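1. have a look at this fold, sequence not included:
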């Protein structure tokens, strides 16, 4: 039986064998980097940084229609009902709809840093801000599209007002017209977006 | 006896997978309705009253022809599918953001969160989760206020799930009302 006192239990110099660790570590790193690259190309905006605002908001709404729910929606919405068929068609290709909305009773409850955490993601590769977009709602509305080449891969709307902060994020092929049709459905707030002639700008 | 670092590395990987998979198995086997009720009881230090309590009080829960105050009667839940736990006249003092995190962690392996609304001013919380159940769907609606709370689980047909998905907040309220409405006739 080998004990710790026996120097021959493991030959000196062979015990650490760092080279044996390199292959699995490299494999692990490769898997992690692949996951990060996939994430970077995804049009899903990370909104969890805003969760702390719920403790101050008079109303927080969190809508989470992920790919599983989109698939379920495609099953349950009827082809025979005109309204449901319209939603079903609009959801074709969509991989997720995420809404986070905060309403506050007083001004200044969220900081520019909170908004910056969202905007910084929308300055990432592929994202472009659409100009010439207005909303009948008070405050500022920014609309961003994620382009994969010529294809739209996602949309994000950021609505900021003194007492309101709303982010709508649609993952998948979508455009403003589609968003307008989905407003008021599936928990998506009515942002009353109006579009002027389309212009693309960074 | 010395163990090689390679074996330690493999053991750590195996432990990691076990640590990830064990909670999933526990959640999948558990009764989530009861788990949520217990979670509310433990987090807020409250006690629920089940349907039998309401029946003893000489009231019965309407499961047919539910009349919803201020609206048209709507029957959403599949017959006999309603599970209800009611908390009345108790204080729901606690950090609702922590409760929300715990709830989501407990349910996220078997249920899909659809909509969650919170209010720091009125301390109201509403959660709607759903999951597939064959060709139908289980829906879990959790409503917590300052002094009362309800946990409702129902089974919905495809048609009624479509109503819920189109208008999650409105239909979620209707489900809770249908489960808790008292037929005084």
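-> All right, it came through fine. All values derive from a computational prediction rather than experimental measurement.

2. what lines up beside the longest strand along chain A in the sheet?
-> Ranked by residue count, the top strand of chain A under DSSP state E comes out as strand A:151-161. Sheet partners assigned to strand A:151-161 using DSSP bridges are listed as strand A:140-148 (antiparallel), strand A:164-171 (antiparallel).

3. show me what counts as buried in that strand.
-> Along strand A:151-161, these residues count as buried under the neighbour rule (16 or more other C-beta atoms under 10 Å in any protein chain shown): A:152-160. No exception for glycine: its C-beta is placed from N, CA and C like everyone else's.

4. what's the average pLDDT for it?
-> Per-residue pLDDT values across strand A:151-161 average out to 93.

5. what do you get for stretch A:80-95?
-> Averaging the model's pLDDT scores along stretch A:80-95 yields 89.

6. can it be found next to chain B?
-> Yes: Stretch A:80-95 lies within reach of chain B by C-beta under 8 Å from any C-beta of the partner chain, at A:81, A:83-84, A:87.

7. determine how far that stretch lies from the middle of the whole chain.
-> Its chain's average C-alpha position is 21 Å from that of stretch A:80-95, according to C-alpha atoms, centre = their mean, to the nearest Å.

8. and the contacts of that stretch?
-> The contact list for stretch A:80-95, computed with C-beta atoms under 8 Å, 6 or more residues apart in numbering or on different chains, reads A:67, A:70, A:73-74, A:77-79, A:170-174, A:178, A:181-182, A:185-186, B:162, B:166.

9. restricted to buried residues, select those residues in PyMOL.
-> Buried residues among the contacts of stretch A:80-95 (16+ other C-beta under 10 Å), as a PyMOL selection:
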select buried, (chain A and resi 70+73+77+170+171+172+173+174+178+182+185+186) or (chain B and resi 162+166)
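
10. so which of the contacts of stretch A:80-95 sit within helices?
-> Of the positions in the contacts of stretch A:80-95, A:67, A:70, A:73-74, A:178, A:181-182, B:162, B:166 sit in helices, assigned by DSSP state H.

11. and those residues, which is closest to residue B:121?
-> Of all the ones in helices among the contacts of stretch A:80-95, the one with the least separation from residue B:121 (C-beta to C-beta) is residue B:166, at 27.8 Å.

12. returning to that earlier point: Throw the residues of stretch A:80-95 next to chain B into a markdown table and include secondary structure, thanks.
-> Below are these laid out as a markdown table (DSSP: H, G, I helix; E, B strand; the rest coil):
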| residue | secondary structure |
| --- | --- |
| A:81 | coil |
| A:83 | helix |
| A:84 | helix |
| A:87 | helix |
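
13. can I have the buried ones of those residues as a PyMOL selection?
-> Isolation of the buried members of those (16+ other C-beta under 10 Å) is achieved in PyMOL through the command below:
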select buried, chain A and resi 84+87
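
14. mind putting the residues of stretch A:80-95 next to chain B into CSV with distance to residue B:115?
-> Supplementary listing: the residues of stretch A:80-95 next to chain B in CSV, determined by distance: C-beta to C-beta, whole Å:
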residue, distance to residue B:115
A:81, 22
A:83, 19
A:84, 19
A:87, 16
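
15. show me which pair in the residues of stretch A:80-95 next to chain B is furthest apart.
-> Comparing every pair within the residues of stretch A:80-95 next to chain B by C-beta to C-beta identifies A:81 and A:87 as the most remote, at 9.3 Å.

16. please tell me the pLDDT value assigned to residue B:132.
-> For residue B:132, the pLDDT comes out at 94.

17. what helix or strand is it located in?
-> Under the assignment given by DSSP states H and E, the secondary-structure element containing residue B:132 is strand B:124-133.

18. do a quick rundown of the strands in the chain.
-> No chain was given, so I picked chain A. According to DSSP E, the strands that chain A contains are A:59-65, A:96-103, A:127-135, A:140-148, A:151-161, A:164-171, A:193-201.

19. hmm, I had chain B in mind actually
-> Assigned by DSSP E, the strands in chain B fall at B:49-50, B:83-87, B:112-119, B:124-133, B:136-144, B:149-156.

20. compare those strands and give me the one nearest residue B:93.
-> Distances from residue B:93 to each of those were compared by C-beta to C-beta, and the smallest falls on strand B:136-144, at 11.2 Å.

21. what angle separates the closest one from helix A:67-76?
-> Here strand B:136-144 points in a direction 120 degrees away from that of helix A:67-76 (axes from the mean of the first three to the mean of the last three C-alpha atoms, to 10 degrees).

22. packing partners of strand B:136-144?
-> With contacts defined as 3 or more C-beta pairs under 8 Å, 6 or more residues apart in numbering or on different chains; DSSP states H and E, the packing partners of strand B:136-144 are helix B:32-44, helix B:96-107, strand B:124-133, strand B:149-156, helix B:158-166, helix B:168-180.

23. quick one: buried residues of the last one?
-> To tie it back to what came earlier, the one meant is helix B:168-180. Within helix B:168-180, the residues that count as buried by 16+ other C-beta under 10 Å are B:168, B:171-180.

24. hmm, back to that, distance between the longest strand of chain A and the chain's centre?
-> The chain centre lies 9 Å from the centre of strand A:151-161; the measure is C-alpha atoms, centre = their mean.
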